[in-house]
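Participant: When you get a sec, could you give me coordinates for this:
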Amino acid sequence: TKHVIKNIQWTTGNNFTVERGRQQIEEYISTWEVHESWLHWSEFLQEEELKYSKRYHYRVCWSIPTRRKPIPRATASVYFVIELSKIKPATLPVEVFFTLESSRLIHRPEQCQFREKWLKDIIENKIILMERL
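Facilitator: Purely as a prediction, here's the structure:
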């Protein structure tokens with residue numbers, strides 16, 4: 001089956017603020033097809049100054065709390081970076097990419113269909129590891 005890659009209209013460099021970036025990440029992840037039992041929260045982590053750009057780092061932490069276990073045994077984090085170029089016009093949209101906890105693969109919203117299985121795999125692997133220790 002062909003998946004339609006869902007994306008949002010990202011803000012331009014000149015309209016960017018740290019809070020606007022967090023709101024846009026929330027707006028973007030609302031397009032993901034995840035079961036309603038998943039809950040998440042997002043936070044700004046840090047600003048990184050590079051030669052030709054500034055990067056803003058965020059984390060979105062996911063879990064499935066239940067009535068029996070309101071505090072989940074494990075969580076899965078998705079790390080977002082919003083990059084503002086110092087050389088491209090500020091009227092262009094910001095660059096956005098994200099990685100999953102325990103993975104180096106870089107995903108771009110316009111090129112990637114998010115899969116709920118990725119979150120499940122992270123949590124399952126953590127639980128297996130905890131049980132082994």
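
Participant: what's the neighbour count on the closest residue to Val34 other than its chain neighbours?
Facilitator: Leaving aside its sequence neighbours, Val34 sits nearest to Glu116 (C-beta to C-beta, 6 or more residues apart in numbering; 4.6 Å). (Glycine included, C-beta is placed from N, CA and C.) Other residues lying near Glu116 total 13 when counted by other C-beta atoms under 10 Å.

Participant: And for Leu105?
Facilitator: Neighbour number of Leu105 under other C-beta under 10 Å is 9.

Participant: Sketch out the low-pLDDT regions of this structure for me.
Facilitator: For the chain, the stretches flagged by pLDDT under 70 are 1-3.

Participant: Start from the N-terminal end of it and give the strands.
Facilitator: 39-49, 53-63, 76-85, 95-100 (DSSP state E).

Participant: Verify the contact between the residue nearest to Val34 and Glu33 for me.
Facilitator: Yes. Using C-beta atoms under 8 Å, Glu116 is in contact with Glu33, at 6.8 Å.

Participant: before we move on, the earlier item: got TSV for the strands of the chain, with distance to Lys120 and mean neighbour count too?
Facilitator: Formatted as TSV, these follow (distance: least, C-beta to C-beta, whole Å; neighbours: other C-beta atoms under 10 Å):
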stretch	distance to Lys120	mean neighbour count
strand 39-49	14	12
strand 53-63	10	18
strand 76-85	8	20
strand 95-100	11	19
